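Asks: what follows is a predicted structure for the sequence shown.
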Amino acid sequence: MRRALALGFLLLGFAGSAEAGCYTATWQFKWGTEMNAYMETDGAMCRTSVSRVWNTSEVHSVNITSPPRNGNASAAGRGVSYRPRPGFKGEDSFVFAIVGRKAGSAERGTIRVYVTVR
C-alpha cells in the first residue's frame, strides 16, 4: 500500500446505489493517466466515489468534462452520479476528471465511464 501511495495511485470505488440495480467495480488509477471504467444499471441512479489510498484530502475536485448523451451525470464532492433518461436502454458514456493536489500544483487524471442501461 505504501508503494501505491508513493506512485500516486487512487482507488476508485464504484459502489452501487442504495436504490439497487447499479453494478460497478473498484480500480486503481494513476495520476496523469486516462482510463476506462464500466457501469451497469437497470435504470436506477448510479453513484461512484473516488477515494485516495491513504489521504482523501489529496483529491481536490471531481468534474464532468464530457456529459452523457442519454442521461445526466453530475459531480458532487469526491464522486459522480449517473441517471439515464427515462425509458432509455442501451449504451452511454461520460468522462470525468479527478484533480488532486501534490506539492502545491494540481495533478489530473481522466476516466471515461461506459454505461450499459438494461
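Replies: Thanks, I have it.
Asks: next secondary structure after the helix or strand hosting residue 80?
Replies: When elements are assigned from DSSP states H and E, residue 80 belongs to strand 79-84. Next helix or strand after strand 79-84 toward the C-terminus (DSSP H and E): strand 90-102.
Asks: then that following strand to CSV, C-alphas only?
Replies: Output of strand 90-102 as CSV, limited to C-alpha atoms (Å, rounded to 0.1, in the frame of the first residue of the first chain):
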residue,chain,number,x,y,z
GLY,A,90,-28.5,0.8,-24.4
GLU,A,91,-25.0,2.1,-24.2
ASP,A,92,-24.0,5.6,-22.9
SER,A,93,-20.7,7.1,-21.7
PHE,A,94,-19.4,10.2,-20.0
VAL,A,95,-16.0,11.5,-18.9
PHE,A,96,-14.9,12.9,-15.6
ALA,A,97,-11.6,14.3,-14.4
ILE,A,98,-10.1,14.0,-11.0
VAL,A,99,-8.0,16.9,-9.9
GLY,A,100,-5.6,16.4,-7.0
ARG,A,101,-3.0,18.3,-5.0
LYS,A,102,0.7,17.5,-4.9
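Asks: and the average pLDDT for it is what?
Replies: For strand 90-102, mean pLDDT is 87.
Asks: and the angle for the following helix or strand past that strand with strand 90-102?
Replies: For strand 90-102, the succeeding helix or strand toward the C-terminus, using DSSP H and E, is strand 105-117. Strand 105-117 runs at 160 degrees relative to strand 90-102, counting by axes from the mean of the first three to the mean of the last three C-alpha atoms, to 10 degrees.
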